[in-house]
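K.L.:
What follows is a predicted protein model with its sequence.
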Amino acid sequence: MFFRVKIFVVSAILVLSTATKISVGALYASDVIYDPQYTMLALNMAIVSLHRITATLDRIVLDQEYRNIINNLNLGNIEDDPEMRELFKDLMSVIGGRALREEEAEIFAARYEMRKKNRFSKSLSALRGGGMGTWGRIAGLLASEASAYFGYQGADSDIKYEFQSELRALDSQSIKECADLQRRLLDSSWSLLRRYKLPDNYRLTQKNMDDFDKAVKETDPAKSLRMFRALEPDFKVYPPFWYYYGVSALRGGESELSDLCFAEFERVWRPVLRQDPYRAEVAKYRIMEISERNKTSSELLSQLRVMRENTPREDWVNNLFAGVMYFDAGETERGIDCVQINVDFGVEQDISGEVLKMMRDGSLDIGVFADSMRRKIDVKARSQRESSAGISSSAVSIQGLIAYFKGDESEAVTLLAGEINSAVNSSDPLPYHILLHILENGAVPEGVPEKSLIRKKRDDLIGNSSEAFSSVISLAEQYAGQKNARAEIFLGEMYQMGLGVSRDYGKAIDLFSDPAGRGMPYAQGKLGELFAASDAPQSDDAKAVEWFRKAAEQNLTWAQLKLGDMYRDGRGVPARDPEEAYMWYYVAFLNGDAGARQRLDEMDGKGLLRGKSLSRSTARRAIEKAKAMYEQNTPENQP
């Protein structure tokens, strides 16, 4: 079964498994029988939304809560309680007044949706080897995508770094008002319990929410399942608990348990939201499970109906997923209608337009589809980079850095090269530094300026903006904390150079040591630099030679130069060895390093430096050794 689940903390709704209905005629001078679950549910819904907002201090989170939960209440199901009315008026005032402005929301939506399209396109390309495919394979890719409400916190927090802090951060007054309102809502839950004679475990507590957040965020499937099992007594009547429990069970390979969890979700669910994002997600998982097990079409169509009822028009992924599943089930017109919604309302046209064409043509060629999507997305991405109003000057650089950390070197170089060619951002040293770092690691892309030119520009601009470097420290720390070797090396270099942080050679050595021990040449070369630095507390020439050699033998050209310098100067080796130095310089020269020619000329006594360091016969012997080493290390000659 194809699932790629992004788990994160979201707002939730408390509902009850057994409807305890009482007459409220005495309270409201009415003979209508009212279910007090709905009032308690609305209150707990607001409490959890505020909990998430105050926990993240993020305006984008606040905006998602406002749009998907607070402003999505089905008020017709909630009793006109004076106390609740005042609370929700205050809630709408505090939260609604701090939601993203229309232009900010458009910026966020455009960038978030582009990320989804990129992921879809890359996943589609991975399937292209199969040529002609089935609609079920396309549905599987779409099922792995989530709306911004579920996806924003689940994308390793990467997207946060692509926006100005003013767009994301809540001001101190907003934080205070949200916290005060959360306390008022928690206090009100006590009075509602007494008024409606409800059990105490219907009330959410701060501790319950904190523990639930930990279970949702846990990335280890086995540990996550243990946490959910432990929390089960406290959340029996809480539908989102069963949704996340079911997702965790799927991640842990326990499909029967996930079925039970999703069934329990349906049992305790009540229609308190006009469109419930949780119910739409549960239906999506059930649709994939039904499709996998070849259950009856009536079951599939029933879940598709549930999903559509709880999907807003602007959720193009769910609309497209429903359309593909209808089409695959033989409901051709329904399928086309679902996809057509995306096009007619201008929600999404790139993928949807291609799918509509294939549906009407009656053919699906994944290779052709993938090629078409890649071209369209590349054009859109360029256009988006060119119109980056409202995005911080270092945002594209950060996108490039994220792509590099994730192993997409080509995307990173494309983004960064575009950034340094932008007149708007020409004074920002960050893209030059990140691109130089990637090139120094051995990348040889086309259409990129020489490393020496990039280094000079970076060095000229460094004094202009220390804040630009500070903006990427937390991102690098996040990935380094996950033992991402590229992030460890990048962060280590920041500490080595004192960019965005205070210079700390010890910290740099700690960060370089793990990837160096795993055989990464750039980290090995960096350790060599630190041990060779005369001002470093850990200065040790012998260790410097050891690490330079490890990197040089893996064809890192600047490490070959550094190792040659150590032999030339007699540092960390028994004695000066001009022949060995010349050999390493020549290897670097064969590898295309611009600085190698100058060192060779110096040792040959050419140019302004006339002091010849070694005889012609010794130089020839060193050259032969260098050529042999070069041939040995050439990729096509590697075993």
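P.N.:
Good, I have the coordinates. Numbers count the residues shown, from 1 in each chain.
K.L.:
quick one, what contacts Gln496?
P.N.:
503, 505, 508, 526, 529-530 (CB atoms under 8 Å, 6 or more residues apart in numbering). To be clear about C-beta, it is placed using only N, CA and C from the backbone, and glycine gets the same treatment.
K.L.:
Let me see the backbone angles for it.
P.N.:
phi -60, psi -40 (degrees, to the nearest 10).
K.L.:
Return the distance of it relative to Phe405.
P.N.:
Between Gln496 and Phe405 the distance is 18 Å, computed by CB to CB, to the nearest Å.
K.L.:
what does Gln37 give?
P.N.:
Computed as CB to CB, the Gln37 to Phe405 distance reads 46 Å.
K.L.:
Then Cys338?
P.N.:
36 Å.
K.L.:
So between the two, which is more surrounded?
P.N.:
Shown here are Cys338 and Phe405; by other CB atoms under 10 Å, Cys338 has more neighbours (25 against 22).
K.L.:
from memory the more buried one sits against Arg308, does it?
P.N.:
Yes - if you go by CB atoms under 8 Å, Cys338 and Arg308 touch, sitting 7.4 Å apart.
K.L.:
who touches both of the two?
P.N.:
Ala322.
K.L.:
Now do stretch 550-560: distance to the chain's middle.
P.N.:
33 Å (CA atoms, centre = their mean, to the nearest Å).
K.L.:
hey, C-alpha coordinates of it in CSV?
P.N.:
Taking Å, rounded to 0.1, in the frame of the first residue of the first chain, the C-alpha atoms of stretch 550-560 are listed here in CSV:
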residue,chain,number,x,y,z
LYS,A,550,42.4,11.1,3.3
ALA,A,551,40.6,13.8,1.3
ALA,A,552,43.4,14.2,-1.3
GLU,A,553,43.3,10.4,-2.1
GLN,A,554,39.5,10.9,-2.8
ASN,A,555,40.4,13.5,-5.4
LEU,A,556,39.4,16.6,-3.5
THR,A,557,41.6,19.1,-5.3
TRP,A,558,42.0,21.8,-2.7
ALA,A,559,43.0,19.2,-0.2
GLN,A,560,45.6,18.0,-2.7
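K.L.:
ok, and what's touching it?
P.N.:
By CB under 8 Å, 6+ apart, the residues outside stretch 550-560 that reach it are 440, 442, 516, 519, 521-522, 524-525, 528, 548, 562-563, 584-585, 587-588, 591-593, 595-596, 633.
K.L.:
one more time with 6 Å
P.N.:
With contacts defined as CB atoms under 6 Å, 6 or more residues apart in numbering, stretch 550-560 is touched by 521, 524-525, 548, 563, 584, 587-588, 591, 593, 633.
K.L.:
tell me the phi and psi of Lys176?
P.N.:
Main-chain torsions, Lys176, degrees, to the nearest 10: phi -60, psi -40.
K.L.:
since we're on it, how many residues are nearby?
P.N.:
Neighbours of Lys176 (other CB under 10 Å): 12.
K.L.:
Could I get the buried residue list for stretch 87-94?
P.N.:
87-88, 91, 94 (16 or more other CB atoms under 10 Å).
K.L.:
okay if I get those residues as CSV plus pLDDT?
P.N.:
Shown next, in CSV, are the buried residues of stretch 87-94 (pLDDT from 0 to 100):
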residue, pLDDT
Leu87, 78
Phe88, 78
Leu91, 79
Val94, 80
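K.L.:
re earlier: list buried members of the contacts of Gln496 by neighbour count.
P.N.:
Burial by neighbour count, 16+ other CB under 10 Å: within those this picks out 505, 508, 526, 529-530.
K.L.:
Could you point out which of the residues you listed is nearest to Ala329?
P.N.:
Lys526 (56.3 Å; CB to CB).
K.L.:
about what we covered before: any idea which of the contacts of Gln496 is least confident?
P.N.:
Lowest pLDDT among these: Arg503, with 89.
K.L.:
For that residue, pull up the helix or strand it's in.
P.N.:
Arg503 belongs to no helix or strand when assigned by DSSP states H and E.
K.L.:
Also the one 3 residues further on?
P.N.:
Counting by DSSP H and E, the secondary-structure element that holds Gly506 is helix 505-517.
K.L.:
Can you list the helices and strands that that helix packs against?
P.N.:
The contact analysis (3 or more CB pairs under 6 Å, 6 or more residues apart in numbering; DSSP states H and E) places helix 505-517 against helix 485-497, helix 521-532.
K.L.:
can I get those in JSON lines with distance to Leu416?
P.N.:
As requested, these are exported to JSON lines (distance: least, CB to CB, whole Å):
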{"stretch": "helix 485-497", "distance to Leu416": "13"}
{"stretch": "helix 521-532", "distance to Leu416": "17"}
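K.L.:
Most tightly packed of the ones you listed?
P.N.:
Most buried of the helices and strands packed on helix 505-517, by mean neighbour count (mean count of other CB atoms under 10 Å): helix 521-532, with a mean of 25.
K.L.:
after that one comes which helix or strand?
P.N.:
With DSSP H and E, the next secondary element past helix 521-532 is helix 541-552.
K.L.:
closest to Ile489 among the buried residues of stretch 87-94?
P.N.:
For those, the nearest to Ile489 is Val94 (44.1 Å; CB to CB).
K.L.:
follow-up on the earlier one: and the angle for the helix holding Gly506 with helix 485-497?
P.N.:
Helix 505-517 runs at 150 degrees relative to helix 485-497, counting by axes from the mean of the first three to the mean of the last three CA atoms, to 10 degrees.
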